[in-house]
Structure formats: structure tokens, C-alpha cells
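1. below is the structure, and that's it, no one-letter string:
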């Protein structure tokens with residue numbers, strides 16, 4: 001009887017160990033999951049702080065001070081120096097503190113500009129690419145006159161201006177067809 005009782009106790013102890021091991025395995029997995037999430041959180045936090053630090057350095061550093069402004073593009077009437085002057089850029093300003101949209105709107109006010117691309121060439125250059133409309137002929141619609149470029153874009157009403165009229169004329173269109 002004692003022998004059979006000992007066997008039963010041994011079986012119960014084995015079962016108990018098995019269930020304890022299973023419970024411990026779950027606990028260990030849970031801890032591993034928490035460690036992984038914690039490490040992932042620390043990694044994300046570190047990268048975020050590194051990004052903020054890099055941004056702060058880039059905006060405050062003299063390393064990114066503007067040293068040259070290049071004006072490129074296709075010019076018809078505009079002078080590249082005039083574009084540079086209107087942009088209002090001073091040398092020594094940090095490249096990342098320059099508002100590119102503000103410069104675009106200033107240059108667009110010069111008129112007859114098809115497109116503008118402003119690009120930062122790190123660490124110290126700014127390139128402004130300006131494409132100006134180039135009239136190919138004049139569209140006459142009633143008593144109004146418009147410049148038209150080689151792509152067929154009507155871009156300027158020259159009726160009340162002193163702009164050159166030394167281009168071929170296209171007539172026969174209504175004012176509704178010619179929209180600036």
C-alpha cells in the first residue's frame with residue numbers, strides 16, 4: 001500500500017511540476033514580450049530625440065549658412081540679377097530658415113513667369129530656376145490683344161500696355177476662347 005501511495009504522490013508531483021513549468025513558461029513569454037515592447041519604445045524615443053537634435057543643429061548651425069545664390073532658367077525679358085534682388089536673400093542666413101514659398105511668391109509678382117523651382121544644394125547653396133514665358137505670336141480677340149507662347153498658352157493681356165507688338169497676329173477667335 002505504501003508503494004502504490006508513493007507512486008501516486010510521484011505522479012502528482014510530476015503533474016504539479018508540469019503545470020508549474022507551463023505557468024512559468026507563460027510568465028517568461030510575457031516578460032519577454034514586455035521587454036521587447038520596452039526596447040522598441042526606447043528605440044523610438046532615441047530616434048525621435050536624435051531627429052529633434054539634428055533638426056535643432058541644422059537650423060542653428062553656421063555650417064548651413066548661405067554662401068551663394070544661383071539663378072538659372074530661360075529668360076526673355078527678366079534679368080537674373082533682378083530675380084536675385086527681388087528674392088531678397090542675404091548671404092550668411094541659415095538655409096533651413098529661408099522660406100522658399102515666400103521667395104516664390106515674390107518672384108511670381110515680377111510677371112510672365114511660367115514656373116519657378118527653388119532647390120537647396122546643401123550645405124551652402126540655393127538654386128532658383130525660373131522659366132519665363134516667351135511670346136511667339138499675338139492673339140487678337142475683338143479689341144483685346146494677348147501674348148501666346150509656343151505651347152499655345154495665352155499668358156498676358158497686352159491691350160493697355162506698351163509691350164512689344166512685333167509678333168505675328170492670330171485673329172478670328174472670340175474673347176471666350178482666349179482666357180488668360
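-> Here it is on my side, so go on. Only a predicted model underlies this, so the values are computations on that prediction, with no experimental measurement involved.
2. which ones are touching residue 137?
-> Residues in contact with residue 137, defined by CB atoms under 8 Å, 6 or more residues apart in numbering, are 148, 167, 168, 169, 170. All C-beta spots, glycine's among them, are computed from the backbone N, C-alpha and C.
3. now the strands: where do they sit in this protein?
-> Taking DSSP state E as the criterion, the chain contains strands spanning 68-74, 113-121, 125-132, 135-141, 144-149, 154-157, 169-170.
4. wait, residue 104 touches residue 119, no?
-> No - applying CB atoms under 8 Å as the test, residue 104 and residue 119 come out as separate, 11.9 Å apart.
5. neighbour count: those two, which is higher?
-> A direct count of neighbours by other CB atoms under 10 Å for residue 104 and residue 119 places residue 104 higher, at 18 against 12.
6. so what pairs up with residue 145 in the strands?
-> Using DSSP bridges, the beta-bridge partners of residue 145 come out as residue 140.
7. an error on my part: the question was meant for residue 127.
-> Beta-bridge partners, per DSSP bridges, of residue 127: residue 70, residue 119.
8. gap between it and residue 50?
-> 29 Å (CB to CB, to the nearest Å).
9. more neighbours: the two, which one.
-> Taking other CB under 10 Å, residue 127 and residue 50 do not tie; residue 127 has more neighbours (15 against 10).
10. my guess is that one contacts residue 121, does it?
-> Yes - the pair residue 127 and residue 121 passes the contact test of CB under 8 Å, sitting 5.7 Å apart.
11. what touches both of these two?
-> Common neighbours of residue 127 and residue 121 (CB under 8 Å, 6+ apart) do not exist.
12. and for residue 116, the neighbour number?
-> 20.
13. also residue 83?
-> By other CB under 10 Å, the residues close to residue 83 number 23.
14. my guess is it contacts residue 130, does it?
-> Yes - counting by CB under 8 Å, residue 130 is a contact partner of residue 83 at 5.8 Å.
15. give me the common contacts of the two.
-> 71, 107.
16. what about the longest helix in this protein?
-> The single longest helix within the chain, with elements called by DSSP state H, is helix 2-60.
17. tell me the contacts of the closest residue in space to residue 95 that isn't next to it in sequence?
-> Closest residue in space to residue 95, ignoring its immediate chain neighbours: residue 64 at 4.6 Å, by CB to CB, 6 or more residues apart in numbering. Going by CB under 8 Å, 6+ apart, residue 64 touches 58, 94, 95, 96, 122, 123, 124.
18. which of those are buried, as a ChimeraX select command?
-> Buried members of the contacts of residue 64, defined by 16 or more other CB atoms under 10 Å, are picked up in ChimeraX with:
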select :58,95,124
